[in-house]
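Trainee: Got a predicted structure plus its sequence, pasted below:
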Amino acid sequence: MPPPVFRFAPSPNGYLHLGHAYSALLNFELARQSGGRFLLRIEDIDAARCRPEFEAAIYEDLAWLGISWETPVRRQSEHLAAYHEAIGKLSAQGLIYPSFESRAEIAREVSQRETGGPWPRDPDGAPLYPGMAKSLSADERQRLAKSGAPFALRLDMASALARAGELSWVERGEGAAGETGRVAARPESWGDVILARKETPTSYHLSVVIDDALQGITDVVRGRDLYWSTSVHRLLQALLGIPEPVYRHHRLLLDDSGHKLSKSTRSTGLRELRADGVTPADIRRLVGLPA
Ligand code: GLU
């Protein structure tokens, strides 16, 4: 049996905090305990928010925690062609369509529809896309595309579900309601998700699935905030014919007011804690890992 492969996949759009330390240490130790490999992946597709100094800080903070990783590190911004190819495969199956509305236009449409009763929301609480662009004629689509208007490429969820059928994943951790073991995926709860945009030819969902497959990740260990995203990931894996890792969603570290830690909260930032004289051993204690 090849060794299991784990990964920690931060986005360099801010400095790491205690929640990242917990996730990274958990992955690193699970890999070590199982004789597996540990990879670091930089999820930097959002050019507007990712910065080289945050990436440099990720390496520095993880090394300070005593974590080591294989090199070269995969940086998503260097692999846009792989994501583009996956979009091509989904397009060839007739599962992708462009939508041209602005966020404000979509919000207006949703509030209009809401007059007839509550409009469905995705697991993160955002209203589902009402699907206006699906009814555009081929001519209209072509005209909009030629006009240079910004667009998003969306997955036609109904057609994708018809093709992929029922899906599930193996959960070794726990969802918010205690789900564990073989869990039924519910990709329909996300509606026609965006898989790429004109200015960013991929999305979190698409690139995470492609990279986990290309890097041979067997065990995805990440925060519970991404638990229901796994539904979309399983769907994309099925449509693209790529293997299914096992998942372990871990608890989230919360601040004093019960909110998920944020990259902008200085008091839990690893750099600030280090500057205050906190040691890596203290960090383990702070995140609830054994010494
Ligand atoms: N890049 C994502 C984040 O920083 C994590 C992706 C994942 O673990 O699937 O939240």
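Mentor: Nice, thanks for sending it over.

Trainee: how many other residues sit next to the closest residue to residue 226 other than its chain neighbours?
Mentor: Spatial nearest neighbour of residue 226, chain neighbours left out: residue 249 (6.8 Å); criterion: C-beta to C-beta, 6 or more residues apart in numbering. The C-beta positions use only the backbone N, C-alpha and C, and glycine is treated the same way. The number of residues packed near residue 249 is 25, by other C-beta atoms under 10 Å.

Trainee: Ok, the one 3 residues further on next?
Mentor: The number of residues packed near residue 252 is 15, by other C-beta under 10 Å.

Trainee: element containing it?
Mentor: Per DSSP states H and E: residue 252 is located in neither a helix nor a strand.

Trainee: That one against residue 223, yeah?
Mentor: Yes. Between residue 252 and residue 223 there is a contact under C-beta atoms under 8 Å: 5.2 Å.

Trainee: does the residue nearest to residue 226 count as helix, strand or coil?
Mentor: Assigned state for residue 249: strand (three-state reduction, DSSP: H, G, I helix; E, B strand; the rest coil).

Trainee: Show me what it is bridged to.
Mentor: Beta-bridge pairing of residue 249 under DSSP bridges involves residue 222.

Trainee: Use 200 as the first number for this chain going forward.
Mentor: Renumbered: residue one is now 200, and that last one reads residue 448.

Trainee: That one and residue 419: what is the separation?
Mentor: 9 Å (C-beta to C-beta, to the nearest Å).

Trainee: which residue ranges form the helices in the stretch 250-399 of the chain?
Mentor: For the stretch 250-399 of the chain, applying DSSP state H, counting those that start in this stretch gives helices covering 251-263, 279-291, 302-313, 337-345, 356-363.

Trainee: So for the residue nearest in space to the middle of the chain, what's the pLDDT?
Mentor: Closest to where the C-alpha atoms of the chain average out (C-alpha atoms, centre = their mean) is residue 403, at 4.6 Å. Residue 403 carries a pLDDT value of 97.

Trainee: Next one: it from residue 303, what distance?
Mentor: 22 Å.

Trainee: same question, residue 332
Mentor: From residue 332 over to residue 303 (counting by C-beta to C-beta), the distance is 15 Å.

Trainee: Between these two, which has more neighbouring residues?
Mentor: Neighbour comparison, residue 332 and residue 303: the larger count goes to residue 332, with 20 against 8 (by other C-beta under 10 Å).

Trainee: show me the contacts for that one.
Mentor: Residues in contact with residue 332 (C-beta atoms under 8 Å, 6 or more residues apart in numbering) are 296, 297, 298, 299, 300, 340, 353.

Trainee: where in the stretch 350-490 of the chain is pLDDT low?
Mentor: 465 (pLDDT under 70).

Trainee: Just give me the neighbour total for whatever residue of it ends up closest to the ligand.
Mentor: The ligand sits closest to residue 421 of the stretch 350-490 of the chain, with a gap of 3.6 Å, by C-beta to the nearest ligand atom. By other C-beta under 10 Å, the residues close to residue 421 number 21.

Trainee: I'd guessed it sits against residue 223; true?
Mentor: No. Residue 421 is beyond contact range of residue 223, at 10.5 Å (criterion: C-beta under 8 Å).

Trainee: near the ligand, anything from the lengthiest helix in the chain?
Mentor: Taking DSSP state H as the criterion, the chain has its longest helix at helix 217-232. No. Judged by C-beta under 6 Å from any ligand atom, helix 217-232 stays clear of the ligand, getting no closer than 7.8 Å.
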